[in-house]
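>>> quick one: sequence plus predicted model below, questions after.
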Amino acid sequence: MTTATRPLIAPSILAADFARLGEEVDAIVQAGADWIHLDVMDGHFVPNISFGPQIVKALRPRTKLPFDVHLMIEPVDPYLEAFAKAGADHILIHIEAGPHAHRSLQQIRALGAKPGIVLCPATPPEAISEIMDMVDVILVMTVNPGFGGQKFLASQLPKISRLRDMITKSGRDIRLAVDGGIDPTTAPQATAAGADVLIAGSAIYAQPDYKAAIEALRPTPAG
Ligand code: DX5
Ligand code: ZN
């Protein structure tokens, strides 16, 4: 990808005001979001608990934008159907969440959702080389999953570049997303390395003007 390509922006509602979640989704839709990122945490795979399929379902009527559901849960298979039925467009699982990612990705596709795979900072790109043909989204964590507001791990940039090469070689249309510590300083680093989807929680929801915050993550036009 060239730097001229416009990255998609996927605000994470983890940083939203949970008492006004519906309005917070409306606000980022109005502000120009491309996808809505929903972080599901189980207090087991990650040391935090967020929300489950009921919240996905409750928010679904708010927008037609794709719901990008990031499952930080283990096991994952017993819950895939519930998230698909709740209206998830993309269902992302962690490669570290169990030995049978292949089966989980097959199941997600069979449920009519787009399968995605997520890599924690300690996981090398090659861990997903045998399932590249099964996914529509690859997500590189640039923090350890579990919490918003953490510092971007620049050590992950070479991994983004390697995955971009792997995607190019695959010849498949796969989105390469980055999640964690994305702000106006780190966003250009991630896109230069090859990411084409930027997920951001605090850099959008902690700002007074969501539209300006989203625009601040996009590359400035050349010239
Ligand atoms: C972290 C989540 C992220 C989180 C990002 O486990 O996967 O989506 O919301 O938050 P920020 O952008 O604040 O790092
Ligand atoms: Zn996430």
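Everything's here; your move. Ligands and ions are numbered 1, 2, ... in the order given.
>>> which residue would be the closest one in the chain to ligand 2?
residue 70 (3.8 Å; C-beta to the ion). Every C-beta, even on glycine, is put in place using the N, C-alpha and C of the backbone.
>>> and the contacts of the helix or strand containing that residue?
Assigned by DSSP states H and E, residue 70 belongs to strand 67-72. Identification of contacts with strand 67-72 by C-beta atoms under 8 Å, 6 or more residues apart in numbering yields 10, 35-42, 45-46, 56, 59-60, 79, 83, 87-94, 97, 116, 118, 137, 139, 145-146, 177, 179, 199.
>>> which of those fall within helices?
Using DSSP state H, the members of the contacts of strand 67-72 that fall in helices are 56, 59, 83.
>>> so for the second one, what's the pLDDT?
Translated: residue 59. pLDDT for residue 59: 99.
>>> ok, it to residue 91 distance?
The gap separating residue 59 from residue 91 is 15 Å, by C-beta to C-beta, to the nearest Å.
>>> comparing those two, which residue is more hemmed in?
Counted by other C-beta atoms under 10 Å, residue 59 and residue 91 do not tie: residue 91 has more neighbours, with 27 against 21.
>>> can you name the residues bridging to the more buried one?
Counting by DSSP bridges, residue 91 is bridged to residue 69, residue 115.
>>> let's have the chain start at 200 instead
In the new numbering, first residue 200, that becomes residue 290.
>>> and it, how far is that from ligand 1?
Distance of residue 290 to ligand 1, computed by C-beta to the nearest ligand atom, to the nearest Å: 14 Å.
>>> that residue contacts residue 311, doesn't it?
No - Residue 290 lies out of contact with residue 311 (C-beta atoms under 8 Å); the separation is 10.1 Å.
>>> what touches both of these two?
Common neighbours of residue 290 and residue 311, using C-beta under 8 Å, 6+ apart, are residue 283.
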